[in-house]
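Colleague: have a look at this fold, sequence not included:
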């Protein structure tokens, strides 16, 4: 198929290469000339404007967005609409909030445009060698896209989850689970590192990859990061988050679903992003107030 | 090698078959005649007393315990000791608490016996087709056991973690991580089940097995259990625990390591085992007391 | 002052009596004739329609809502607006969500009406004998209401928290803290109840009321509920929630503030409201799948 | 009564003054001459050796320990034993672990000595003006001590909780609840500080002291600490812990009681004591590994 791919960052470029390797014609566009040129250097056709992109595509056009979730998606869609024709297709392969997706679907549908949301998992490597695709789309559109999806996914790695919005919803929950799993691994590794035995952490992650109950890709990655640096001493403990874990917990709250593990994994990230905790200062001050327990004061500058 | 295997339950029998398939001579013993006979039915040599078992083994004897953690291990070891000779080897392949293992090591060493702890992961299937073995043992003993370990483990799935005790320690933490991962999956599945889309849960678990960040054996199993029964309606939500998650949290507390995710996963299990929560009754009664909020009263019998 | 009080439930009636005792003229209205008549039986003037209520009030009218948060507040306000005149005052003394309050403020302001939100704490007894009032209002309106607020509050128990919305915001966080405190008390009581000593729980709650660090009204109430029934055996462990704890956690998520304790106290309530946990069933089924651990099946009907 | 008080720190000295004010004869001893002299400066009789202390006391001697929990208690008791006579009484008024108390009780009983554990709450101010005393002791001993306990406790603030050990057990759980309550307050304050309104935190703590559901001594203290410094900018967010919260969680784990709130309050303290989180580094590194998400690296020195 012919695909206009918008966004040629780490994920987008790899996805372009993945599509190209499977015989699809990819025309890439990115906000900066440098990014487009880098993609061209990798053998991807590139254009320097959305208008040019649309012109190069044969209707019904297929435009695949691989841009940061949030305002960027709205901006790109708004810029595209004037150039598009009825029946053209926009696919949002990014980590958009499913409620934004539902809103965009209505807007685009009213314009006669088709829209699919593809929750994309597998990281940068997955984008290159086979993604896991959770596809929210009308049945007909899904069938139209299926040959492409089959090519760029890991074997067995694509699913029509339901109507538009459902792909991003399922991906959101996927990431919530991922938060919990990663935090569980992190906690376990810290116990291993501080426990009574002198242990070879990379070797333990490695053996757990083979035959254990907790084997899986996250353990593969754990071995990799620990093998590079067993004590991770040059890495800060700040864990950013890109929204999906937060949305998962917000969704759970709305539904009244108890999610202690996912929410705590999220709050550990919140805490890691704080320079200091006001709550912690209050508690420290309270202890001092009633018990005279030493409170640590900051050094004067 | 020649192995005397004590304990022919789900794990023990499969391990015996695994060893046998790799050309090792297994002589099995279990507490009940029925269990021994079942193993014999599967082609495993069986004996009906510990004394007979020891007699059949050529020194230095290798006796592998696959019995429930706790008092049973002590009992079996105590019964074995009188029959054994200096240099004989006991391997504890069960889920023993590593502090018990350290204690047993000292006792056995004082008797001139050798002892190794093998944390065994992979479930029943792993026992049959390739375990993940975390081996705590003196270097010499590990090397002696290595050919057997290599045969019965998944490719790459065995590791000399360190001195006696370290194998069970590492397995304990493995299970703590497992608790957290499983709870994360459970929470995610509940959000999917209750969210705004009508979703095919087994299909989602299946697609997540292929190319996603959270792919791994637990997701393979999730697909299996959901495929058998998408709503799990005949299964109770009671999650028992066999000690290792608890010990992991206790260890973390001793070490001052924050383990919010693993400890919450454990406490969810605690709660699931309670018929009712006294804490919950107190809070419900308090709400009623200050706010007149309706409290639910039990129906009279 | 003259006050038109809408809502004569547990909180509203007590507040009416409180106002009346301090020399204020209260005219009460409630949705049902029975509720109005009950208030009349307590010596409160009552009317049977909003129109009648408004007619009896001298402009600038002061109308105090003590109705359930949510749609009821909007409904009552919408019904009132046609009868009111510029400068009339509506006070929302209920547990409204502060974002609803901000919205209502804009609507009422556009109509020339004045609006104040009063977060009201202290439970039913506080309503009768002295509330804690967190008042969001324009400065002028606050000063106008202050004599009334002073009369009906506990000594020192009212505060102008800031502009409209801030009263309900502060009350929301108050309730979040309350959730955490109550859960802490519940957990402690359960440990006492199950620990190695046979303890007199009501007596312990009583002694903690006197001189301890955790003394306070919640401990007073804890003594009361345990004194009525030391084992709470006729009370179910279902803890409902009325929204404010949920909003507190949602606000914390928006702000990126880690709130492990408040969010867990909320999730304990979620769990208590579930007949069974789907997440729990998934985890139980997973354990069974890999380890052959017994899963509890439901009895057939 | 005549009391030999060992330990004249913040708590001990205030307790001595409290006893003295009620007409009891206190003879104080502390490890350093300076501490004894400071107590003398406050009008407390002081001695410079345990031997001297014992000599000054009329049998049956009453010796009250107010020393740090743990080894110090054992050390002092061991030093005292040779000087004491049958029927003499040791009271441990500190924060000892109840299992240590049970052990000491057996040792002292075997020597013909009497022992009581008094969990003491109320902080430094309580020690001076009226404690909350949770008393574990044999009935006869409790009755013997009661007049003294009545004098030094807040009105209503002493209780015979049961046999030796129970006083420290109840105090342990008290502190667990305290951890949860304080953390709830801290979290609430942080939301207030970061929310959409500019709020006067000390004023809010103050109004919550009057008539609110969450009024109590911890809120009194919260007002105090915030009034000194509304933003707490010179206080570090490090919250140390002295053992009792940890023991409470360990006890809950042993009993299978879910304590999400108390355990999370404890783990927040653990985290606050860490310079950096190894678990956090693992998670940050994993995110980077699969998603190419920027990881923050430490600045080179």
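Modeller: Everything's here; your move. From a predicted model like this one, the values you see are computed outputs, not experimental measurements.
Colleague: what are the buried residues along the helix ranked longest in chain A?
Modeller: Using DSSP state H, we find that the single longest helix of chain A is helix A:166-194. With burial defined by 16 or more other CB atoms under 10 Å in any protein chain shown, the residues of helix A:166-194 counted as buried are A:166-193. To be clear about C-beta, it is placed using only N, CA and C from the backbone, and glycine gets the same treatment.
Colleague: again with stretch A:95-107
Modeller: A:95, A:96, A:97, A:98, A:99, A:100, A:101, A:102, A:104, A:105.
Colleague: which ones among those are found in helices?
Modeller: Using DSSP H, these in helices are A:98, A:99, A:100, A:101, A:102, A:104, A:105.
Colleague: reformat these as TSV; add distance to residue B:11.
Modeller: Output for those, formatted as TSV (distance: CB to CB, whole Å):
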residue	distance to residue B:11
A:98	43
A:99	47
A:100	49
A:101	46
A:102	48
A:104	52
A:105	51
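Colleague: what is the nearest of those residues to chain D?
Modeller: residue A:98 (19.5 Å; CB to the nearest CB).
Colleague: I figured the closest one was touching residue A:163, is that so?
Modeller: No. The criterion here is CB atoms under 8 Å, and residue A:98 misses it with residue A:163 at 10.8 Å.
Colleague: shared neighbours of these two, anything?
Modeller: Taking CB atoms under 8 Å, 6 or more residues apart in numbering or on different chains as the contact rule, residue A:98 and residue A:163 both touch residue A:136.
Colleague: contacting residues around the closest residue to chain B within the stretch 151-300 of chain A?
Modeller: Proximity of the stretch 151-300 of chain A to chain B (CB to the nearest CB) peaks at residue A:216, 1.7 Å away. Neighbouring residues of residue A:216 by CB under 8 Å, 6+ apart: B:214, B:215, B:216, B:217, B:218, B:219.
Colleague: show me where the stretch 101-250 of chain A has its strands.
Modeller: A:114-121, A:131-136, A:153-162 (DSSP state E, counting those that start in this stretch).
Colleague: got those strands as CSV, with mean pLDDT, distance to chain B and mean neighbour count columns?
Modeller: CSV is the format used below for those (pLDDT from 0 to 100; distance: least, CB to the nearest CB, whole Å; neighbours: other CB atoms under 10 Å in any protein chain shown):
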stretch, mean pLDDT, distance to chain B, mean neighbour count
strand A:114-121, 98, 4, 28
strand A:131-136, 98, 4, 29
strand A:153-162, 98, 3, 22
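Colleague: make TSV from these and add distance to residue D:8 to it.
Modeller: Compiled in TSV, these are given as follows (distance: least, CB to CB, whole Å):
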stretch	distance to residue D:8
strand A:114-121	64
strand A:131-136	67
strand A:153-162	70
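Colleague: columns distance to residue A:40 and pLDDT on top of the ones in helices among the buried residues of stretch A:95-107, output as JSON lines?
Modeller: Converted to JSON lines, these look like this (distance: CB to CB, whole Å; pLDDT from 0 to 100):
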{"residue": "A:98", "distance to residue A:40": "34", "pLDDT": "98"}
{"residue": "A:99", "distance to residue A:40": "36", "pLDDT": "98"}
{"residue": "A:100", "distance to residue A:40": "31", "pLDDT": "98"}
{"residue": "A:101", "distance to residue A:40": "31", "pLDDT": "98"}
{"residue": "A:102", "distance to residue A:40": "36", "pLDDT": "98"}
{"residue": "A:104", "distance to residue A:40": "30", "pLDDT": "98"}
{"residue": "A:105", "distance to residue A:40": "33", "pLDDT": "98"}
